[in-house]
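*Asks:* Pasting the sequence and the predicted coordinates here, then a few questions.
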Amino acid sequence: MKIGILQTGLAPDELKETFGEYPGFFERLLADKGFTFESWSVVENEFPDGPEDADGWLITGSKHGAYEDHPWIPPLEQLIRDIVDAGRPLIGVCFGHQIIAQALGGKVEKYPGGWVVGQQVYDFGGDKMTINAWHQDQVIDAPEGAEVVAYGTHCANAALLYPGKAYTVQPHPEYGDDFIKGLIETRGKGVVPDDRMQDALSRMGQPLDNTRMADQFAHFFREGTLA
């Protein structure tokens, strides 16, 4: 099964040599699931011909806001709708979670509580998962037909299921603590309040549930449902 990765942001230059670009994070996350991958840098206006270019699709995170005025956002929203209409499974992470919701009729805004950074605990119907986060924007209103399947203390719509169509999550299962630390040392300075970054640093080292979420992604790509 071929997964098309739509890259909507660029990794900080200071971290690329160590970690690579965002599509590689997901290729590593899903490395043992039997998928092949091809990526398009939509943030640089590189788009596939259409939904038929991959069997399933994944939209990455980004430093940009879904509501911002960038020339690549309207065609990305149309591609999202085309993928859904074509019945190809679609997964979105962080910005991907937000832009899918926006394209399908939801609303994205900056969270009044500010930045959510580092390890967070999310409740998936009583099943708790610890996953890293790095965001200020959130899905405030979920689109019609989307089911809220997870929430966190600082995120009411942490995971949305569009049955048989899309599965999207606000946190970053592709990020380890090492990359969050790198973001704190690069993009965080002067942007994220110091107390939020110090709190994130203090919580590092606990086991993450990235592998469990990778299993969810793989199951959704193949079956259109959550495991």
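*Replies:* All right, it came through fine. All of these numbers come straight from a predicted model, not from anything done at the bench.
*Asks:* Enumerate residues external to stretch 61-78 that contact any of its residues.
*Replies:* 6, 8-10, 22, 42-45, 47, 59, 93-96, 98-99, 101-103, 108-110, 134-135, 137, 172, 187 (Cβ atoms under 8 Å, 6 or more residues apart in numbering). For every residue, glycine as well, the C-beta is placed using N, CA and C.
*Asks:* Give me the distance between the two termini of it.
*Replies:* In stretch 61-78, first residue to last residue: 18 Å (Cα to Cα, to the nearest Å).
*Asks:* measure the residue positioned nearest the centre of the chain to residue 195 for me?
*Replies:* Centroid check for the chain by Cα atoms, centre = their mean gives residue 93 as the closest residue, at 1.1 Å. According to Cβ to Cβ, to the nearest Å, residue 93 stands 26 Å off from residue 195.
*Asks:* Residue 172 now?
*Replies:* Residue 172 sits at a distance of 21 Å from residue 195 (criterion: Cβ to Cβ).
*Asks:* Next: residue 44.
*Replies:* Going from residue 44 to residue 195 by Cβ to Cβ gives 35 Å.
*Asks:* If you tally nearby residues, what's the number for residue 56?
*Replies:* Here the number of neighbours of residue 56 (other Cβ atoms under 10 Å) works out to 21.
*Asks:* Pretty sure it sits against residue 90.
*Replies:* Yes: contact criterion Cβ atoms under 8 Å: residue 56 and residue 90 qualify, at 7.2 Å.
*Asks:* Sweet, I'm off.
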